[in-house]
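Undergrad: make a model of this:
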Amino acid sequence: MNSSKEQLASWIDAHFDEEVGFLQQVLRVPTDTPPGNNAPHADTVAELVKAYGWSAEKHAVPQQTVRDYGMESITNLIVRRPYQAGGPTVALNAHGDVVPPGEGWTFPPYAGVVRDGFIYGRAAAVSKCDFATYIFATRALEALGVPLKGALELHFTYDEEFGGLLGPGWLLEQKLTKPDFVIAAGFSYNIVTAHNACLQFEITVLGKSGHGAMPETGHDALQAATRILNALYDQLPELKKIKSEVAGIDSPTMLVGRIDGGTNTNVVPGQVVMKMDRRMIPEEDPVAVEAQVRALIEDAVRGQPGIRVEIKRLLLSHALRPQPGSEQLVAHLQQNAQTVIGELIPAQGTPLYADARLYGEHGIPAVLYGAGPRTVPESNAKKGDERLALEDLRKATKVVAMTLLDFLGA
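TA: Numbers count the residues shown, from 1 in each chain. Below is the predicted model:
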């Protein structure tokens, strides 16, 4: 390790208690999505970075646009750190919106409790942890006092759980940013270079209510919805036969995650609403998959008396594929992780989907790397008692800081 990188590591060690305290503060502001009232968290982060002499640009998405999208408020942040001319612009992106806590918690989900070397809380592992990773990596870089070239941008966005279109997608479409490289929030030791695409539908099955004692007077929407469910789940063995060539990604998946319907126990259900998720491997064509799934749903209820179906697309996210230049990010992250962690961390795909794809769609090389354990399940991500090992936070902060020095050191 050269002397500059040793100084980075020493600075992070010396300020690590402060970093953990910062993470606790960002964990304590709820951002459950839905309902998605996320502007207060952005306001908190913008206020916190003032202590470092930084100014966070607030980019509020218009209220009506947000409500039409199904959320309550979104304010995305950009912190710009310009240096000498002649270098690249590197962006670090983490999202602050989270799924609701759900059940199974031993610790309060929004307290940021530290116990036995772990910090607990919703988004401790995905991805408020990387608000801390990226901010303290940047602070360590600037504390070196060495000449830097190019620019660094911190993108803190609030629409990953709904698809990212009003998060990084909004910043890019509004031409508020166009970095040369992106490191986006990670969730394990791995560097993620590719991820799945995702199609989500809301399926409304419409029939006619009727008295439970005379079911023939109605048209049972639940009975029709069951035909759709059977048709979708009967496809799973076929999806298992499709294999991706990308390491870390296996086969497409499909599930129905939510069902609502009916009015009472003794009433023929007149309407059932289902929400489904179809994950696509990078090799699949999203347009073709959407057409196939729509046809599968429509064919399942075709000819059923009094039944009609409405299909609303909720999300069509594309896969992340490596862009020219992403190999540079991978090489430096691996080299620095070798120094900090003592082993070569893999670069591979993941069956999840994330905001990084939105940068890739604009031709910007992007990879996912940040604080996390060796595997996602270890962190209880999106489950009760989500947690992050503090040593993993420390290691990731060092790796990111050293990588920033590689790209921005004059």
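
Undergrad: where along this structure do the helices fall?
TA: Under the criterion DSSP state H, the chain contains helices at 3-14, 16-27, 39-49, 63-69, 129-143, 168-173, 221-233, 236-240, 286-301, 326-341, 356-361, 390-408.

Undergrad: quick one: mean pLDDT over the first one.
TA: Averaged across helix 3-14, the pLDDT comes to 97.

Undergrad: quick thing: my sequence starts at 15, can you match it?
TA: Done: numbering now begins at 15, and the last item shifts to helix 17-28.

Undergrad: and the contacts of that helix?
TA: Here helix 17-28 makes contact (CB atoms under 8 Å, 6 or more residues apart in numbering) with 15, 33, 150-151, 153-155, 157-158, 160, 350, 353-354, 408, 411-412, 415-416, 419, 423. All C-beta spots, glycine's among them, are computed from the backbone N, C-alpha and C.

Undergrad: mind doing that once more with 10 Å?
TA: Contact with helix 17-28 is made by 15-16, 33, 150-151, 153-160, 350, 353-354, 407-409, 411-416, 418-420, 423, as judged by CB atoms under 10 Å, 6 or more residues apart in numbering.

Undergrad: as CSV, the helices of the chain with distance to G386 and mean neighbour count would be great.
TA: Rendered in CSV, the data for the helices of the chain read as follows (distance: least, CB to CB, whole Å; neighbours: other CB atoms under 10 Å):
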stretch, distance to G386, mean neighbour count
helix 17-28, 17, 17
helix 30-41, 13, 19
helix 53-63, 20, 18
helix 77-83, 28, 13
helix 143-157, 8, 26
helix 182-187, 20, 22
helix 235-247, 32, 19
helix 250-254, 28, 12
helix 300-315, 28, 15
helix 340-355, 12, 19
helix 370-375, 15, 25
helix 404-422, 6, 24
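
Undergrad: for V281, find the nearest of the ones you listed.
TA: When those are compared by CB to CB, helix 235-247 sits nearest V281, at 10.7 Å.

Undergrad: the closest one to helix 300-315, inter-axis angle?
TA: Taking axes from the mean of the first three to the mean of the last three CA atoms, to 10 degrees, helix 235-247 and helix 300-315 form an angle of 140 degrees between their directions.

Undergrad: and helix 235-247, how far out from the chain middle?
TA: Centroid separation for helix 235-247 versus its chain: 30 Å, with CA atoms, centre = their mean, to the nearest Å.

Undergrad: show me what that helix is packed against.
TA: strand 211-220, strand 267-275, strand 281-282, strand 285-294, helix 300-315, strand 322-331 (3 or more CB pairs under 10 Å, 6 or more residues apart in numbering; DSSP states H and E).

Undergrad: could you check the pLDDT of the nearest residue to N52 once chain neighbours are set aside?
TA: Leaving out its chain neighbours, the residue that sits closest to N52 by CB to CB, 6 or more residues apart in numbering is Y172, at 3.9 Å. At Y172, the predicted lDDT confidence score is 98.

Undergrad: over to F176?
TA: pLDDT, F176: 87.

Undergrad: who's I92 bridged to?
TA: Under DSSP bridges, the beta-bridge partners of I92 are E71, H169.

Undergrad: I'd say it and G181 touch.
TA: No. Contact criterion CB atoms under 10 Å: I92 and G181 do not qualify, at 11.7 Å.

Undergrad: when the two are compared, which one has more neighbours?
TA: G181 (27 against 18; other CB atoms under 10 Å).

Undergrad: low-confidence ranges, the protein, go.
TA: For the chain, no stretch has pLDDT under 70.

Undergrad: just give me the longest strand of it.
TA: Assignment by DSSP state E gives strand 98-109 as the longest strand of the chain.

Undergrad: so in that sheet, which strands flank that one, and in what orientation?
TA: strand 163-171 (parallel), strand 195-198 (parallel).

Undergrad: tell me the buried residues in the last one?
TA: Judged by neighbour count using 16 or more other CB atoms under 10 Å, the buried positions of strand 195-198 are F195, V196, I197, A198.

Undergrad: now tabulate the residues you listed in JSON lines and tack on distance to E20.
TA: Shown next, in JSON lines, are these (distance: CB to CB, whole Å):
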{"residue": "F195", "distance to E20": "24"}
{"residue": "V196", "distance to E20": "27"}
{"residue": "I197", "distance to E20": "22"}
{"residue": "A198", "distance to E20": "27"}
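
Undergrad: among those residues, which one lies nearest to A380?
TA: Nearest to A380 among those, with distances taken as CB to CB, is V196, at 3.8 Å.

Undergrad: tally of neighbours for the nearest residue to that closest one once chain neighbours are set aside?
TA: Once flanking residues are discounted, V196 sits nearest to A380: 3.8 Å by CB to CB, 6+ apart. As a burial measure, A380 scores 29 neighbours (other CB under 10 Å).
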